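>>> Here is my input, please return the structure:
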Amino acid sequence: MQDHAFTFDVDATREEIWRLFWGRRQRVIEHGDVRIEYLHWGDETGEGRIRHCRFRVPRYLLSGGVGLSWEWLTEVKPMESWRYDAVGKPLYSRATGWTRLEDLGGGRTRVHFRETYEAFNPILRVLLEKRVHAFISRDNDRIMKAAIEAGVAHARKAAARGTATPPTAAAE
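Below is the predicted model:
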């Protein structure tokens, strides 16, 4: 099983970041090579939210460099944290991820992210799991931070204009 974790600080409140991930918005969000389609919004807090994701994987997996996952979100604690469980392909696998928002005061938030990943097939687990997960996770911290910062900037500009345009930049 692979385990990847990272932490970064953002000049935004937990509430601003929470709205990026949990506010109702467009059904499909694209950020670079990542595409997230929301299939079910879950309850009023987002518990039970279901999404379908497309992302880059190594070409040697013979999937055209495209990976897919189906994810459901649980353990939602508003303004604080959430968990997702996923199944994915082409290296048929399962993943679990946790995101936690830590208030640093002064309008700053520390974002903590951790994901575990495991291929179902024991042979592929030994041969490919570590390399594939390293490829998938390689730029997660940079991409997630950039998406959050862009989403917060967009939301602040919309608020200053008095428009209610939902932010669309955050990738989970």
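
>>> Let me see the contact set for the closest residue to Val66 other than its chain neighbours.
Residue nearest to Val66 in three dimensions, not counting chain neighbours: Arg54, with 6.0 Å by CB to CB, 6 or more residues apart in numbering. All C-beta atoms are positioned from the backbone trio N, CA, C, and that covers glycine. Applying CB atoms under 8 Å, 6 or more residues apart in numbering, we find Arg54 in contact with 34-35, 66-68.

>>> now do Thr13
103, 107, 109.

>>> likewise Asp85?
71-72, 74, 94-96.

>>> The helix ranked longest in the chain - contacts with which helices or strands?
When the chain is parsed with DSSP state H, its longest helix is helix 140-161. If you count contacts as 3 or more CB pairs under 8 Å, 6 or more residues apart in numbering; DSSP states H and E, helix 140-161 packs onto strand 2-10, helix 14-22, strand 108-119.

>>> one more time with 10 Å, if that's ok
When contacts are defined as 3 or more CB pairs under 10 Å, 6 or more residues apart in numbering; DSSP states H and E, helix 140-161 packs onto strand 2-10, helix 14-22, strand 28-31, strand 34-40, strand 108-119.

>>> Please identify the buried residues of that helix?
140-141, 143-145, 147-152, 154-155 (16 or more other CB atoms under 10 Å).

>>> Columns distance to Arg125 and pLDDT on top of those, output as a markdown table?
Formatted as a markdown table, those follow (distance: CB to CB, whole Å; pLDDT from 0 to 100):
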| residue | distance to Arg125 | pLDDT |
| --- | --- | --- |
| Asn140 | 21 | 83 |
| Asp141 | 24 | 84 |
| Ile143 | 26 | 86 |
| Met144 | 26 | 88 |
| Lys145 | 30 | 90 |
| Ala147 | 30 | 86 |
| Ile148 | 32 | 90 |
| Glu149 | 35 | 92 |
| Ala150 | 36 | 89 |
| Gly151 | 35 | 87 |
| Val152 | 38 | 91 |
| His154 | 40 | 88 |
| Ala155 | 41 | 86 |
